[in-house]
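[1] What follows is a predicted structure for the sequence shown.
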Amino acid sequence: MKFNLRSFFSNDLAIDLGTANTLVYAKNRDVILNEPSVIAIRKHDQEIVAFGKEAKEMVGRTPGEIITVRPLKDGVIADFELSEQMIRHFIRKTMVTRIPRPRIAICVPSGITDVEKRAVRDSAEHAGAREVYLIEEPMAAAIGLGLPIDQPVGSMVIDIGGGTTEIAVIAMYGIVNAVSIRIGGDEMNNAIIQYFKKTFNLLIGENTAEDIKCNLGSAAPYENKGEMVVKGRDLVIGIPKTVTITSKQAQEALTEPVNAIVDSLKMCLENTPPELSADILDRGILMSGGGALLKGLDERLRKETNLPVIVAEEPMLAVARGTGKVLEDMAKYRRVLTHIKRY
Ligand code: ADP
Ligand code: MG
């Protein structure tokens, strides 16, 4: 490789601005930051007390005075100002030097509006970016997974994040058809919380629900014999209580969000042009995002579609790495970038 002084000292960054996690990829250095998209705020003066990992540990544990917020919770920018603060914090944390000002490629959920895109662009500029490029999530996932997006061949990806599931068929640098639903890992956590209320009269926290999902949860018909002891607050008498949940019950709790994901995948397949369907039949569907790690979900999608379904290696890093690849070779990927100009 030719030694390039500018690129060696560059601060160019690629950011996967996810609803659950924000990842930062630095040119020539891979993923260098991976933290929850969470902020902790002191109520009375709106002062931010923590970002990322530190803030996530506070979820449900803070005194009334401190609240935790997820500025991107439902796949859209729910809070502009806080999103901006968070982006700035993560960018500053990863910048090596202040000069030269970096180029930043940011991957955004495909459902966000122009106003939201501009907000993301502005935040990156305020944090010191010289140029900002936006790229849509399914495209970044496909590039990260090494799919031939530059060829007239159909590739299908399903990215299951915290707030959304994005399914897309991609060919020749473009998204041929896509489905985006506001159901992902958060809805799965929520389904577990509801299940505990109904079945055990027990109120559990978000982090506990997530822990159950990741360690015991699965999609039918996956079989797993484990169980887990869970602590929460009894809804009737109001005191702490312990119950045991089996893997069968955890699976039952997740039925609805899992079905919604299956249905939207089928819907996307139904709307795919036949030539591209033939490609997908040969090449299969690639899964990325944290939700792809739910046990048995790949098997379930395989059964429901009769297509090959493959979980990406390190699915939670695919989008950041794809955005990073774009950053490394802007000329090649120019057609997938939305370059939002200054005005
Ligand atoms: P986003 O892109 O929206 O930030 P991610 O791709 O980072 O989302 O995925 C985060 C989601 O994946 C969270 O809801 C998290 O609970 C879920 N997740 C992570 N690991 C697992 C696992 N082993 N099983 C099921 N869900 C998981
Ligand atoms: Mg994501």
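    That came through, no problem. Numbering: from 1, shown residues only. Ligands and ions are numbered 1, 2, ... in the order given.
[2] Relative to residue 37, how far out is the residue of the stretch 1-150 of the chain found nearest ligand 2?
    Closest contact between the stretch 1-150 of the chain and ligand 2, by C-beta to the ion, is at residue 18 (3.8 Å). (Each C-beta comes from the backbone N, C-alpha and C, glycine too.) Separation of residue 18 from residue 37 (C-beta to C-beta, to the nearest Å) stands at 6 Å.
[3] Can you pull the residues that touch both of those two?
    72, 162 (C-beta atoms under 8 Å, 6 or more residues apart in numbering).
[4] Can you report how many residues neighbour the nearest residue to residue 43 once chain neighbours are set aside?
    Leaving aside its chain neighbours, residue 43 sits nearest to residue 65 (5.5 Å; criterion: C-beta to C-beta, 6 or more residues apart in numbering). Using other C-beta atoms under 10 Å, the number of residues around residue 65 comes to 10.
[5] Show the contacting residues for the residue of the stretch 101-250 of the chain found nearest ligand 1.
    Ligand 1 sits closest to residue 185 of the stretch 101-250 of the chain, with a gap of 1.9 Å, by C-beta to the nearest ligand atom. Contact partners of residue 185, counting by C-beta under 8 Å, 6+ apart, are 20, 160-163, 210, 213, 290-291.
[6] residues in the stretch 101-250 of the chain within reach of ligand 2, list them.
    residue 161 (C-beta under 5 Å from the ion).
[7] Phi and psi next, for the residue of the stretch 101-250 of the chain found nearest ligand 2.
    Relative to ligand 2, the nearest point of the stretch 101-250 of the chain is residue 161 (3.8 Å; C-beta to the ion). Phi and psi for residue 161, reported as degrees, to the nearest 10, are phi -100, psi -160.
[8] How about the contacts made by it?
    Counted by C-beta under 8 Å, 6+ apart, residue 161 has contacts 18-20, 75, 109, 137, 184-185, 289-291.
[9] try residue 190
    residue 209.
[10] follow-up on the earlier one: of the contacts of residue 161, which one scores lowest on pLDDT?
    Minimum pLDDT across the contacts of residue 161 is recorded for residue 75, with 68.
[11] on that earlier part again, for the residue of the stretch 101-250 of the chain closest to ligand 1, which non-adjacent residue is closest in space?
    Excluding its sequence neighbours, the residue lying closest to residue 185 (C-beta to C-beta, 6+ apart) is residue 162, at 4.6 Å.
[12] is ligand 2 contacted by stretch 52-72?
    No - Stretch 52-72 lies apart from ligand 2 when judged by C-beta under 5 Å from the ion; the minimum separation is 9.9 Å.
[13] Any idea how far that stretch is from the middle of the chain?
    Relative to its chain's centre, stretch 52-72 lies at 19 Å (C-alpha atoms, centre = their mean, to the nearest Å).
[14] Just the CA atoms of it, as PDB, please.
    Only the C-alpha atoms of stretch 52-72 are listed here, as PDB (Å, rounded to 0.1, in the frame of the first residue of the first chain):
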ATOM      1  CA  GLY A  52     -23.100   5.500  26.400                       C
ATOM      2  CA  LYS A  53     -22.200   2.500  28.600                       C
ATOM      3  CA  GLU A  54     -22.200   4.500  31.800                       C
ATOM      4  CA  ALA A  55     -25.700   5.900  31.000                       C
ATOM      5  CA  LYS A  56     -27.100   2.500  30.100                       C
ATOM      6  CA  GLU A  57     -26.100   1.100  33.400                       C
ATOM      7  CA  MET A  58     -28.300   3.700  35.000                       C
ATOM      8  CA  VAL A  59     -31.500   2.700  33.100                       C
ATOM      9  CA  GLY A  60     -34.200   2.000  35.700                       C
ATOM     10  CA  ARG A  61     -31.700   2.500  38.500                       C
ATOM     11  CA  THR A  62     -31.500   6.200  38.800                       C
ATOM     12  CA  PRO A  63     -33.000   8.400  41.500                       C
ATOM     13  CA  GLY A  64     -36.000  10.400  40.200                       C
ATOM     14  CA  GLU A  65     -33.700  13.300  39.800                       C
ATOM     15  CA  ILE A  66     -31.700  11.600  36.900                       C
ATOM     16  CA  ILE A  67     -33.500  10.200  33.900                       C
ATOM     17  CA  THR A  68     -32.100   8.200  31.000                       C
ATOM     18  CA  VAL A  69     -33.000   9.000  27.400                       C
ATOM     19  CA  ARG A  70     -32.500   7.200  24.100                       C
ATOM     20  CA  PRO A  71     -32.600  10.000  21.600                       C
ATOM     21  CA  LEU A  72     -33.200   7.700  18.600                       C
END
